[in-house]
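Visitor: Sequence and computational prediction follow.
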Number of protein chains: 4
Amino acid sequence: MRTGTVVVERFTSKLLAGNRAGDPAERRVPIYLPPSYADSPARRYPVCFVLTGFSGRGRMLLNDNAWSPALDDRMDALIERGAGEMILAMPDCLTRYGGSQYLNSSATGRYMDHLVQELVPLVDARYRTLAQREHRGVAGKSSGGYGALVLGMMHPEIFGGVACHSGDMYFEYCYRGDVPKALTQIQKAGGLAKWLAAFEEKKQKSHDDMLTLNILGMAAAYSPNPKSEPFGFDLPCDLATGAFREEVWRRWLELDPLSLLDPRADALRGMKLVYLDCGTRDEWSLHLGARLFARRLEDLGIAHQHHEFDDGHMNVSYRYDESLPRLAAALGG
Amino acid sequence: MRTGTVVVERFTSKLLAGNRAGDPAERRVPIYLPPSYADSPARRYPVCFVLTGFSGRGRMLLNDNAWSPALDDRMDALIERGAGEMILAMPDCLTRYGGSQYLNSSATGRYMDHLVQELVPLVDARYRTLAQREHRGVAGKSSGGYGALVLGMMHPEIFGGVACHSGDMYFEYCYRGDVPKALTQIQKAGGLAKWLAAFEEKKQKSHDDMLTLNILGMAAAYSPNPKSEPFGFDLPCDLATGAFREEVWRRWLELDPLSLLDPRADALRGMKLVYLDCGTRDEWSLHLGARLFARRLEDLGIAHQHHEFDDGHMNVSYRYDESLPRLAAALGG
Amino acid sequence: MRTGTVVVERFTSKLLAGNRAGDPAERRVPIYLPPSYADSPARRYPVCFVLTGFSGRGRMLLNDNAWSPALDDRMDALIERGAGEMILAMPDCLTRYGGSQYLNSSATGRYMDHLVQELVPLVDARYRTLAQREHRGVAGKSSGGYGALVLGMMHPEIFGGVACHSGDMYFEYCYRGDVPKALTQIQKAGGLAKWLAAFEEKKQKSHDDMLTLNILGMAAAYSPNPKSEPFGFDLPCDLATGAFREEVWRRWLELDPLSLLDPRADALRGMKLVYLDCGTRDEWSLHLGARLFARRLEDLGIAHQHHEFDDGHMNVSYRYDESLPRLAAALGG
Amino acid sequence: MRTGTVVVERFTSKLLAGNRAGDPAERRVPIYLPPSYADSPARRYPVCFVLTGFSGRGRMLLNDNAWSPALDDRMDALIERGAGEMILAMPDCLTRYGGSQYLNSSATGRYMDHLVQELVPLVDARYRTLAQREHRGVAGKSSGGYGALVLGMMHPEIFGGVACHSGDMYFEYCYRGDVPKALTQIQKAGGLAKWLAAFEEKKQKSHDDMLTLNILGMAAAYSPNPKSEPFGFDLPCDLATGAFREEVWRRWLELDPLSLLDPRADALRGMKLVYLDCGTRDEWSLHLGARLFARRLEDLGIAHQHHEFDDGHMNVSYRYDESLPRLAAALGG
């Protein structure tokens, strides 16, 4: 089998410098170059930005597993079986809170701008991409699926195709049930700062730990508030009384893909591919959100593909076998 | 140790006859008579109605466990250690949907009326109770704790003391997160009627099964709708689209103890005892609701006792060791 | 439906008095009398002793559950559907260590003798039984299934029929894997006495707690040693070094039903019924032992029924729907 | 921070060619070169072979995680904090059965020979190692810890230092309890070949799947039998009857580090470092084996370090922070 190459770009972002969360501005961004790249110095390729889920960064897409190939091996195999050749870029938008949702936020940093204004030009400058939106896609899973959809809706001038696997949406279902659980953990720790310090200290992170970090990460992305101490974001619950905070929650809902869709329908209408799928046993009920999203796309007359599969939320990177060949075909032409 | 006696009343309710859920009108109601009862034919006793949690009926309070005594053995031991003697009545308000929440509902039956209008008079007629509200209490755990609070708030002319262990409240936290999970199960089964038939057929009920039944049971209690097929209640989600139904949810919230409290504050103000507790690791986050409820009682100047303990929601019947002696003291004087 | 009656015998055992484990000599033994018993004063009935599993005692067989009837309700329903009427006696052979395996042991007490020499005569004396072995059976589940088999093999002069649901056997598979886990728990607690004191203090028993108690209970039953401090039994592992103790383990194996079978084949050959079943997902792999036992019965030419069902070890009391009618038929004639 | 470099060697083994399991002879072996390597062309370095656990191969040591650095990042950080610079080689000894235990076996291949006769010379030839046993170590976790110990005991002419984290040993405790569970899975699938085909087909591997594969992997490593169909190894249980096979089990025990130790004591006595540790909540009870091994080293007068930590078996790669600096110090001098 012919194999591609991975180059790891070490890159210092100007936009992320001095971010409030204190996360590094230097990032490592792996770039997958397809098998023919080295031998075809004149050829240009479509490019897809692949976004990891919560707690991930690009390098993790290359993690090896005996029964689930790393993204480079997976793409090699797909190309071997007939998929179009495509460059894959794997951004690192990880934050101290487990992620950025690929949004701009005063609490974390300008991650969406970083991706669109820094990484996209960098990749176009250093590699032989087809540097037009028609040939540039974005894909991801879970929070990365959210990022792919939102980048597509907010930056249709940059991306011409979108694939979303088990993406965060319909926040009513996917996050709300975890709010009281996170609240309990934070109260027990004695507040946000103490909770986070203890979390970072722990060698093993428990299920409750990750659930709580997830609520922190979402709050940092969806409800930043520069005046809110200690970290510059509001939680959707009151740490003193325990009550739910509807006014914060409404800010989250504004960034729910289901809220974003109607005003940005034209962005998706202009895509060469809108693909979404989700497992029907998704532990965060994201399949319900995906159905509502697909139904709304249908109502709006936006061409799309919506698939379901019999699985849960975790370890479903095999779904890239569905999206990457479709993206390569849609973006390659 | 001197021991009490349990008599099981077999009783046919007129109020439950012909209920829409098809549940039996004949019920077995165990009555615990304290040790001195048989030997003191002139003596009268306070009485406490003890309400089981979801999926329970009175007889279950007598279930034996090597390390957690049945209610009769527990009361014997408490009296031996100095608690006042008290009659305990254990109603059966179980329904096909796992419970009634001790409310009247067109979908299940008039369980609150049954308790207040049928069982209370029956116990007073057949046993030597002190048959005034000052000497009659109601206690329970989980859905039974909900029932105790609500019966106290709605029928202060009947009950003079209330104890609520890990009671359902702040529905925002305790139920809402389970709605999408129940929805998924019901959709997979092909609708409500098919889901329920399959559930009743299963020899082993899974965690998902019980979670789903719980949402059905709450819908039957909180959002009955005689026109809604097949069972006469509305779910807080749309089975076709999967969307959350805010208008149904608002009906649930009207029956949240936190909503009921303000307009019925005087009912609780007149109690000889208002006791509530909850484990700080409650899996349904009921400790958060209990805190909000206690805080509101405080604001309203209503005397109460609010305790927390380091445990979860299940297998906490040892907490009756706290409530029953307090009730016996408050109701016995 | 016609219903039977439950009488609870309070009984003080002479044989259990002063037992080393310090367990009470007074026991409560529920007796189920079938529907016709009261109205047919001349009629005599077959009797079955029903043995609970580990951590149980007779009264627990009467525990109520919304979807799994208590033993009295279950027997009523079976008789309604045509099963023969039969008296059921529910011994209490619980010990501080969670059970006695219905054996005689210097560490726990003479439970087998208690059952055979005290309880059987008591039931025959007080109730209208058919007081011959042909009409007396023994049944049980898990440790109770073990007890049923062993009582049948060791006392064929008393019992004429045996039913064993998910009974402990092939100790190689069902216990051995838990030995190192129990060892770790005991070592962490600082020894046997400290472990047991902490266990008894705990309001919630964890999975590890019960697993450890189970190993203690089996050691007390299978490898008693009056000289061994503090409790008079040997563990199959060395608490100091952690090494497995083959010589203790061999004592356990002597009481494995698979070891007992060959020398006692005639006892089972003379039974009116030998019934055994097990779920094929039994968490202690007891289905593998049951198959080996059934295969050996086959080789020995002993008539028996061996069934499997698609379930695990817990909450399978519905299997009494299979054994009790068969026992009633075999013992009733 | 100064950072090292990873080079991935693609290497075709002669010794693994044509192995019975059908696994590839071509392997990728990542080599970590420390920060000063590129700038110090005359300098030579000690080298450590780092062995992955079951279901792993060298590349997995480089898997990224937000809170647990990949091996290259970890080594960079250790060197930054003062550890000696050292080359790390990460062999790939994965098989279809999840691993080779780094042994030679007719069922899997000559993995020990491959490592010692092929990889060690390759690394010495291509990189500036200190190519004597005093400067060459072997370390690993779980099955890799087993491999490290066994390579040290069997090839002291090659390795001068050993570190074993949570290594497989005292098979009595770590494997035996899983045999009946694996047996049940294989029987349900209809035999070994069908089980393995179904396993390889599954997109998600369950806990039972991995447990079963583990028993297959150990059988392939410890009890190969060229005549045994279909795969050339014997299981320690009879697939037809379900009985345990003591004669196969004895072959496993011969390869237990606790059996290997006495005859190979001198091999370990000559090591510059013998380090072992284990978490005291190891789910396979490996802490008990480590204690017995350390106790025996003590008795034999072999210098060693034995540590325990408060954790389980999984996700403990942070323990390399303990072993790698010690190895670098011991091998570097």
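Guide: In hand now; what should we look at?
Visitor: which is the next helix or strand following whichever strand or helix holds residue A:208?
Guide: Taking DSSP states H and E as the definition, residue A:208 sits inside helix A:207-222. Using DSSP H and E, the helix or strand that directly follows helix A:207-222 along the chain is helix A:246-254.
Visitor: Mind listing residues that contact the next helix or strand after that following helix?
Guide: Scanning the chain past helix A:246-254 towards its C-terminal end, the next helix or strand to appear is helix A:257-260 (assignment: DSSP H and E). Surrounding helix A:257-260, the residues in contact under the criterion CB atoms under 8 Å, 6 or more residues apart in numbering or on different chains are A:146, A:149-150, A:153-154, A:167-170, A:253-254, A:289, A:292-293, A:296. The C-beta positions use only the backbone N, C-alpha and C, and glycine is treated the same way.
Visitor: If we check chain B, which of these are in contact?
Guide: Restricting the contacts of helix A:257-260 to those near chain B by CB under 8 Å from any CB of the partner chain leaves residue A:292.
Visitor: Out of the contacts of helix A:257-260, give me the two with the largest separation.
Guide: For the contacts of helix A:257-260, the farthest-apart pair by CB to CB is A:154 and A:292; their separation is 19.9 Å.
Visitor: Return the set of buried residues in stretch A:306-322.
Guide: Residues of stretch A:306-322 classed as buried by neighbour count (16 or more other CB atoms under 10 Å in any protein chain shown): A:306, A:309, A:311, A:312, A:313, A:316, A:317, A:318, A:319, A:320, A:322.
Visitor: what's near enough to touch the closest residue to the third one other than its chain neighbours?
Guide: The one in question is residue A:311. Beyond its immediate neighbours in the sequence, the residue positioned closest to residue A:311 (CB to CB, 6 or more residues apart in numbering or on different chains) is residue A:279, lying 3.9 Å away. Contacts for residue A:279 (CB under 8 Å, 6+ apart) come out as A:166, A:287, A:308, A:309, A:310, A:311, A:312, A:313, A:316.
Visitor: Compare residue A:154 and residue A:292 (neighbour count), which wins?
Guide: residue A:292 (22 against 18; other CB atoms under 10 Å in any protein chain shown).
Visitor: Could you pull up the residues touching that one?
Guide: For residue A:292, the contact set (CB under 8 Å, 6+ apart) comprises A:169, A:170, A:258, B:241, B:242, B:243.
Visitor: Apply the buried test to these and list what passes.
Guide: Looking at the contacts of residue A:292 with 16+ other CB under 10 Å, the buried ones turn out to be A:169, A:170, A:258, B:242, B:243.
Visitor: Distance-wise, check the residue in chain A that chain C sits nearest to relative to residue B:286.
Guide: Proximity of chain A to chain C (CB to the nearest CB) peaks at residue A:206, 15.9 Å away. Distance of residue A:206 to residue B:286, given as CB to CB, to the nearest Å: 21 Å.
Visitor: Likewise for residue A:2?
Guide: Counting by CB to CB, the gap from residue A:2 to residue B:286 is 59 Å.
Visitor: ok, those two, which is more surrounded?
Guide: When residue A:2 is set against residue B:286 and neighbours are counted by other CB under 10 Å, the residue ahead is residue B:286, at 28 against 11.
Visitor: Wait, that one touches residue B:175, no?
Guide: No. Here residue B:286 does not reach residue B:175: they are 10.5 Å apart, not a contact under CB atoms under 8 Å.
Visitor: which ones are touching residue A:237?
Guide: Applying CB under 8 Å, 6+ apart, one finds that residue A:237 lies in contact with A:179, A:180, A:182, A:183, A:243, A:244, A:245.
Visitor: Give me the number of neighbouring residues for the nearest residue to it once chain neighbours are set aside.
Guide: In space, residue A:237 comes closest to residue A:183 once its chain neighbours are excluded; the distance is 4.7 Å by CB to CB, 6+ apart. With neighbours defined by other CB under 10 Å, the count for residue A:183 comes to 23.
Visitor: And the one 3 residues further on, by the same measure?
Guide: Other residues within reach of residue A:186 by the criterion other CB under 10 Å amount to 21.
Visitor: which residue packs closest to it, ignoring adjacent ones?
Guide: Taking CB to CB, 6+ apart, and ignoring the residues beside it in sequence, residue A:186 has residue A:195 as its nearest neighbour in space, at 4.7 Å.
Visitor: what about the one you found, which helix or strand?
Guide: If you go by DSSP H and E, residue A:195 is part of helix A:192-201.
Visitor: and the angle from that helix to helix A:207-222?
Guide: Relative orientation of helix A:192-201 versus helix A:207-222 (axes from the mean of the first three to the mean of the last three CA atoms, to 10 degrees): 120 degrees.
Visitor: Now do the buried residues in helix A:192-201.
Guide: Quick answer for helix A:192-201 (16+ other CB under 10 Å): A:192, A:195, A:196, A:199.
Visitor: What helices and strands are in contact with it?
Guide: Contacts defined by 3 or more CB pairs under 8 Å, 6 or more residues apart in numbering or on different chains; DSSP states H and E place helix A:192-201 against helix A:179-189, helix A:207-222.
Visitor: interface residues of chain A facing chain B?
Guide: Where chain A comes near chain B, counting by CB under 8 Å from any CB, the residues are A:172-173, A:176-181, A:183-184, A:188, A:241-244, A:280-281, A:285, A:287-288, A:291-292, A:295.
Visitor: Can you tell me which of those are classed as buried?
Guide: The neighbour-count test (16+ other CB under 10 Å) marks A:172-173, A:176-181, A:183-184, A:242-244, A:280, A:285, A:287-288, A:291-292 as buried among these.
Visitor: So residue A:277 sits against residue A:166, correct?
Guide: Yes. With contacts counted by CB under 8 Å, residue A:277 reaches residue A:166, the gap being 7.4 Å.
Visitor: got a list of what the closest residue to chain D within the stretch 101-250 of chain A touches?
Guide: Among the residues of the stretch 101-250 of chain A, residue A:203 lies closest to chain D, at 5.5 Å counting by CB to the nearest CB. For residue A:203, the set of contacting residues under the criterion of CB under 8 Å, 6+ apart consists of D:311, D:316, D:318.
Visitor: Then residue A:152?
Guide: Applying CB under 8 Å, 6+ apart to residue A:152 gives the contacts A:138, A:159, A:161, A:162, A:267, A:268, A:271, A:274.
Visitor: repeat for residue A:8
Guide: Shown in contact with residue A:8 (CB under 8 Å, 6+ apart): A:28, A:29, A:30, A:31, A:59.
Visitor: related to what we said a few turns ago, can you say which two of the buried residues of stretch A:306-322 are spatially most distant?
Guide: Maximum distance among the buried residues of stretch A:306-322 (CB to CB): 19.3 Å, for A:306 and A:317.
Visitor: burial measure for the residue in the stretch 1-150 of chain A positioned nearest to chain B, as a count.
Guide: Residue nearest to chain B within the stretch 1-150 of chain A (CB to the nearest CB): residue A:142, separated by 16.4 Å. By the criterion of other CB under 10 Å, residue A:142 has 27 neighbours.
Visitor: before we move on, what about residue A:3?
Guide: Other residues close to residue A:3 by other CB under 10 Å number 15.
Visitor: Reduced to three states, what does residue A:30 come out as?
Guide: Three states are possible here, and by DSSP: H, G, I helix; E, B strand; the rest coil the one that applies to residue A:30 is strand.
Visitor: measure it to residue A:40 for me?
Guide: Plainly put, residue A:30 is 21 Å away from residue A:40 if you go by CB to CB.
Visitor: more crowded one of the two?
Guide: A direct count of neighbours by other CB under 10 Å for residue A:30 and residue A:40 places residue A:30 higher, at 23 against 13.
Visitor: Please look at that one and residue A:6 and confirm they touch.
Guide: Yes. Between residue A:30 and residue A:6 there is a contact under CB under 8 Å: 5.3 Å.
Visitor: Find residues that contact each of the two.
Guide: Joint contacts of residue A:30 and residue A:6 (CB under 8 Å, 6+ apart) are residue A:62.
Visitor: how close does the single nearest residue of the stretch 101-250 of chain A relative to chain B sit to residue B:178?
Guide: Closest residue of the stretch 101-250 of chain A to chain B, CB to the nearest CB: residue A:177 (2.1 Å). Between residue A:177 and residue B:178 the distance is 7 Å, computed by CB to CB.
Visitor: Perfect, that will be all.
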